[in-house]
Structures are given as structure tokens and as C-alpha cells.
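Enquirer: everything below, folded, please.
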Amino acid sequence: MTLLTVDPERCDRDGRCIAACPAGIIAFSEKGTLPAMVAGGEDFCIRCGHCVAVCPRDAMTHRVMGPADCPPFHPERLPDPDQAEHFLRARRSIRNYRRQPVPRETLTRLIGIASHAPSGHNRQPVHWRVIYRRPEIERLNGIVIDWMRHLIDQGSPLAEAMHLDRVVAAQAEGKDRICRGAPHLVAAHAPEDERTAPAACTIALTYFDLAAVSFGLGTCWAGYFNAAANFWPDMRAALELPPGHTTFGALMVGYPRFTYHRLPRRKPPRVTWK
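Expert: Okay, the predicted model is just below:
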């Protein structure tokens, strides 16, 4: 099968697939012909599916996906601007969780949603590590505390800037300031030399973060955890990531203990126009 196949009975030759192709590898060979891939175009295709998705007549099939593989778009399901603003402003960083575990199927679906986040050149470099059991999170918390104590003992400026002494003291009192008692932790990792990975992992985690609200879940970015995962060899070993991989972010996940009733204010946007 060639990379692109066009159904001549369905195609109306409107050129949408040509205009939508980000790699510019689809063209008409001459007026009135079917759209086709340019010579050598397969080497530049990023498998984004735009050509399949933009066709209103389901005429285009890509080797890795056809119309039947791509669910239809329902514009009536999209929020209006006021709803979108309310949803985004209502999102809170949750630091108090119920003990109730989240079903694995729910986390799996959320990761599937987050996997549709954009990535540079559609490289999709994101891998996921789910720390599902609370005892394992507690074990990893202990490793984070070891890293913090090391920084404090070394007199690291980072220890003072991040107030690590307070975190360590709270942990000694049985107060989890690292993962806040969350029942689960989700980390995004990728090859550390993959240039698109930092942005791709951050965007994918943000998709997860926002989509979690619709499942009645709350999240919070696990900054202490991710810092230790990047800088403390014992944590890197404990996570058992593939060789050459590093984490680019992590989220605490669980059912919120409290409901928030107001939308807090933020600083006014700082905007320049040119």
C-alpha cells in the first residue's frame, strides 16, 4: 500500500488536503487530477493525519490511519468562550486528597487523552510512568527527603531557596509535603537528548491535568519529586526508567478532599503589542 490513497469516487479535488499538509508533500500533478504525494514525500511525512481529518468526504486514507480510524468531530460538544474561561479559571492545584484510589482504567483513559497533545514534528516522544500504589509513593518520598538532606548538608543555595529544611521537618512530623498524600503519581519521561521532549512532556501533562477535572479528579505538579528525579541518582535508579531517559514533569493525582467555591484573582496579563 502506498502511503496515501485517494478514493476517486469520493474526492472532489478541492485541494484541502494539499493546503492542510504541514510538510507540503501533497499536490496536484496537473489540473483535474487527484491529489497525490510529491516525489520523495514519504521521507518528510510526519504521520499527523491532517490530510485524513480535513477531508469532508472521507476520500483520503493514510497508511497508518484511514477515516474509520479517526472519530468524527462534533463542534456542538465544544465549550463556548465563557465556558472555556470558567473551566480554565476553576482549575486548582489540589494538595488535599481523599484516600479513595482512582481506577486504573480512568488513569489509562486520561493518559490516552493526553497522548493526543501536540509535539514538535509530531515526534510523540512522551512515555508515562505511573506510581499507582501509595506505599511506593511513600518509599520514593523518602528518597526525595534523602536528596533534600544532602542539599542542606552541602549548604546548597537551592536548599535555602526552596525552603527544604521546612519540607524535611514536616516529613519528620508525618506531613507529606512532597506528594501531599496523593494516592497516585504520573510522570512523563522521554530520551534526555530528544530536543522536542521538554515541551512535549509539559504539554501532555497539561492535557492530563486539565482533562482530569472532567473525571472528578484533582492534580498538582510534583515539583520536588521531579527535581529529585532529575538530580539525585538514587531516585533515577528507583524509577527504573529506560536507559537514557529522564523525567520532564510529574503530577499528583487523586480525588479532591475539598471543593473550591470561588475563582481566585491573578496578576493582570503583561502584554506588549508590536
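Enquirer: now do the end-to-end distance for stretch 62-71.
Expert: Stretch 62-71 has an end-to-end distance of 15 Å (criterion: CA to CA, to the nearest Å).
Enquirer: list the buried ones in it?
Expert: 62, 65, 67 (16 or more other CB atoms under 10 Å). Just so you know, the C-beta spots here come from the backbone N, C-alpha and C atoms, and that holds for glycine as well.
Enquirer: and that stretch, how far out from the chain middle?
Expert: The chain centre lies 23 Å from the centre of stretch 62-71; the measure is CA atoms, centre = their mean, to the nearest Å.
Enquirer: where does this structure have low pLDDT?
Expert: Along the chain, segments meeting pLDDT under 70 span 1.
Enquirer: can you give me the strands for it?
Expert: 4-6, 26-28, 35-37, 60-62, 127-131, 184-191, 218-221, 245-254 (DSSP state E).
Enquirer: distance to residue 218 added to the buried residues of stretch 62-71, as CSV?
Expert: Output for the buried residues of stretch 62-71, formatted as CSV (distance: CB to CB, whole Å):
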residue, distance to residue 218
62, 38
65, 34
67, 37
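Enquirer: returning to what we had before: distance to residue 102 added to the strands of the chain, as CSV?
Expert: Below are those laid out as CSV (distance: least, CB to CB, whole Å):
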stretch, distance to residue 102
strand 4-6, 41
strand 26-28, 43
strand 35-37, 44
strand 60-62, 35
strand 127-131, 10
strand 184-191, 6
strand 218-221, 10
strand 245-254, 6
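Enquirer: residue 174: which of those is closest?
Expert: Among the strands of the chain, strand 245-254 comes nearest to residue 174, with 17.6 Å by CB to CB.
Enquirer: run me through the strand neighbours of the closest one, direction for each.
Expert: Applying DSSP bridges, strand 245-254 is found paired with strand 184-191 (antiparallel), strand 218-221 (antiparallel).
Enquirer: any idea how many residues pack against the residue nearest to residue 94 when sequence neighbours are not counted?
Expert: Spatial nearest neighbour of residue 94, excluding adjacent residues (CB to CB, 6 or more residues apart in numbering): residue 218 at 2.9 Å. By other CB atoms under 10 Å, 26 other residues sit near residue 218.
Enquirer: same deal with residue 83?
Expert: 10.
Enquirer: and residue 152, by the same measure?
Expert: Residue 152 has 16 neighbours, counted by other CB under 10 Å.
Enquirer: measure it to residue 146 for me?
Expert: The gap separating residue 152 from residue 146 is 11 Å, by CB to CB, to the nearest Å.
Enquirer: and residue 4, by the same measure?
Expert: 54 Å.
Enquirer: these two: which is more packed in?
Expert: Taking neighbours as other CB under 10 Å, residue 4 and residue 146 compare with residue 4 leading, 22 against 14.
Enquirer: contacts only, for the more buried one.
Expert: 26, 36, 37, 51, 60, 61, 62, 63 (CB atoms under 8 Å, 6 or more residues apart in numbering).
Enquirer: now the strands paired with strand 245-254 as CSV including distance to residue 22?
Expert: Below are these laid out as CSV (distance: least, CB to CB, whole Å):
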stretch, distance to residue 22
strand 184-191, 22
strand 218-221, 30
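Enquirer: contact partners for residue 229?
Expert: Residue 229 neighbours (CB under 8 Å, 6+ apart): 187, 235, 236, 239, 246, 247, 250.
Enquirer: can you do 10 Å?
Expert: By CB atoms under 10 Å, 6 or more residues apart in numbering, residue 229 lies in contact with 129, 140, 143-144, 147, 187, 189, 222, 235-236, 238-239, 241, 246-250.
Enquirer: buried ones among the residues you listed?
Expert: 129, 140, 143-144, 147, 187, 189, 222, 235-236, 238-239, 241, 246-250.
Enquirer: residue 96 contacts residue 175, doesn't it?
Expert: No. The pair residue 96 / residue 175 is not scored as a contact, 11.8 Å apart, by CB atoms under 10 Å.
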